[in-house]
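1. Structure here, sequence nowhere to be found:
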DNA sequence: CGTGGCCTTGAATGTATTCAACGGGGGTGG
DNA sequence: CCACCCCCGTTGAATACATTCAAGGCCACG
């Protein structure tokens, strides 16, 4: 494990409050791995042997049933996934695969559970992390159920614009077919959604996005912190 | 508060491990209230002043945006809701209303947070409860995204059948319009879904449900613990 | 006996997916 | 260096799934 990564991990809210001995014993069984794109990391139904921490790259959580598949969430650095399964010692409810190449820390679930039992600070940190995860899923679910595809795209673009300085010009740093999946629609449908946003002053050429008026786009998107603010 | 309720509350996984002094101070600020049907208990966006525990009746969690509304979950005794908002001291992400008349315990969030800080056992119990809530939402989300309305109904009926002894005869103890909302569809659509299940040996007259062959219905429903088992 | 609510049914509409076809750009191999 | 090919993105048409709107039946209740 790289030295600066170690510091970075210890700085994570989830681990920052740990006693030194807890943190050490957690890392003793841990290892880091680099994965190429499109590798399946875990499969739903399997026992949750490791808590995963995404240090670099992007991971997609998805679920399948009866030959169908749907994207549930996207995890970017630095964040954990399948914490709940680890804690409950239950099976994964979702599968995960890398989207871009990714660097991931694997912490044996048994260690996580042991330290959770022994170190009250860790238990508290887990509560906060879990609350965050829970609320993220709720927000994603609201986005999916309450908005149609054009509205989801509009809100996504507004969010990205702000992340990139809010000057109405930024790069879509993601393949369109992945974006489509991320937004819960087909690639074809995304094409049409992009087209229909022209009326609201959105221009997308290749990966270059131009929003002529955030006001106008906002009148369609109607963003709200109760869905769109990750910190809420 | 009724005496037997107090015992019942203390028996909840969430509270059973508490130190006696913690439990007492938690109850000091608590109160119990009876609500008629269709009362709005909390509104999304409001600060999370109380942790709610449903002792009796049914509560629906729902979310709104831009004039639309969708049911997110249904809470039945004995369970808590909005634990995550309470812990994070954040705003509610969902609204809640009673469906049937309900008896609910209200625990001031500030007390919950204080005891969470002071009593490590409580922190652990909260982690388990939160994990449970999280996984429930994931399962509900999978049900919604991976299945169409007929399949959701089929799985619902199979589950209810088992709850009622699994003899293929039971009572739909819920209004159809509510069931429709619970299953994420309109009342009209539920009517049609019921009709289309006739081919699979399902007969619904009024509130009496008859499943001629759980096998046949199962071939359509394809239930899986990764979506349908609440204990998973 | 009337009335209101719940349920059902039909028709029209909307949203999104599927299937098929095509264009263009980047990379590879000749 | 160029031709080829593959993959991504786009577009159109057909289809699937679900909602909306309108109307009518049934039952319980006053």
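-> Received, thanks. For clarity, every value in this text was computed on a predicted model and none was experimentally measured.

2. Kindly confirm my reading that residue A:52 is in a helix.
-> No: counting by DSSP: H, G, I helix; E, B strand; the rest coil, one finds residue A:52 to be strand, located in no helix.

3. That one and DNA strand D: what is the separation?
-> Separation of residue A:52 from DNA strand D (C-beta to the nearest atom of the strand, to the nearest Å) stands at 25 Å. C-betas here are computed from N, CA, C, even on glycine.

4. Pull the contacting residues for the residue nearest the centre of chain A.
-> When C-alpha atoms, centre = their mean is applied to chain A, the residue found nearest the centroid is residue A:75 (2.4 Å). With contact set as C-beta atoms under 8 Å, 6 or more residues apart in numbering or on different chains, residue A:75 has these partners: A:54, A:58-61, A:81, A:96.

5. Give me the nearest residue to it, chain neighbours excluded.
-> Nearest residue to residue A:75, sequence neighbours excluded (C-beta to C-beta, 6 or more residues apart in numbering or on different chains): residue A:59, at 4.5 Å.

6. Quick one: low-confidence residue ranges for chain A.
-> A:1-2 (pLDDT under 70).

7. how about the helices of it, start to end?
-> In chain A, the helices defined using DSSP state H lie at A:3-11, A:13-16, A:20-28, A:83-88, A:109-118, A:120-146, A:149-163, A:176-182, A:187-196, A:214-221, A:225-228.

8. and these as CSV, adding mean neighbour count?
-> Converted to CSV, these look like this (neighbours: other C-beta atoms under 10 Å in any protein chain shown):
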stretch, mean neighbour count
helix A:3-11, 13
helix A:13-16, 16
helix A:20-28, 15
helix A:83-88, 24
helix A:109-118, 17
helix A:120-146, 21
helix A:149-163, 19
helix A:176-182, 18
helix A:187-196, 15
helix A:214-221, 16
helix A:225-228, 18
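
9. Same list as before, those that is, but in CSV and with distance to DNA strand C included.
-> As requested, the helices of chain A are exported to CSV (distance: least, C-beta to the nearest atom of the strand, whole Å):
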stretch, distance to DNA strand C
helix A:3-11, 30
helix A:13-16, 34
helix A:20-28, 39
helix A:83-88, 27
helix A:109-118, 34
helix A:120-146, 9
helix A:149-163, 4
helix A:176-182, 8
helix A:187-196, 3
helix A:214-221, 12
helix A:225-228, 15
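
10. if I look at the closest residue to residue A:178 other than its chain neighbours, how far off is residue A:159?
-> Once flanking residues are discounted, residue A:178 sits nearest to residue A:99: 6.3 Å by C-beta to C-beta, 6+ apart. The spacing between residue A:99 and residue A:159, counted by C-beta to C-beta, to the nearest Å, is 18 Å.

11. quick one: contacts for the residue nearest to residue A:30 when sequence neighbours are not counted?
-> In this structure, residue A:30 finds its nearest non-sequential neighbour in residue A:107, 4.9 Å apart by C-beta to C-beta, 6+ apart. Residues in contact with residue A:107, defined by C-beta under 8 Å, 6+ apart, are A:26, A:29-30, A:50-53.

12. which residues pair with residue A:107 across the strands?
-> Per DSSP bridges, residues listed as beta-bridge partners of residue A:107: residue A:51.

13. picking up where we left off before, correct me, but the residue nearest to residue A:178 touches residue A:39?
-> No: using C-beta atoms under 8 Å, residue A:99 makes no contact with residue A:39, being 9.9 Å away.

14. neighbour count winner among those two?
-> residue A:99 (21 against 14; other C-beta atoms under 10 Å in any protein chain shown).
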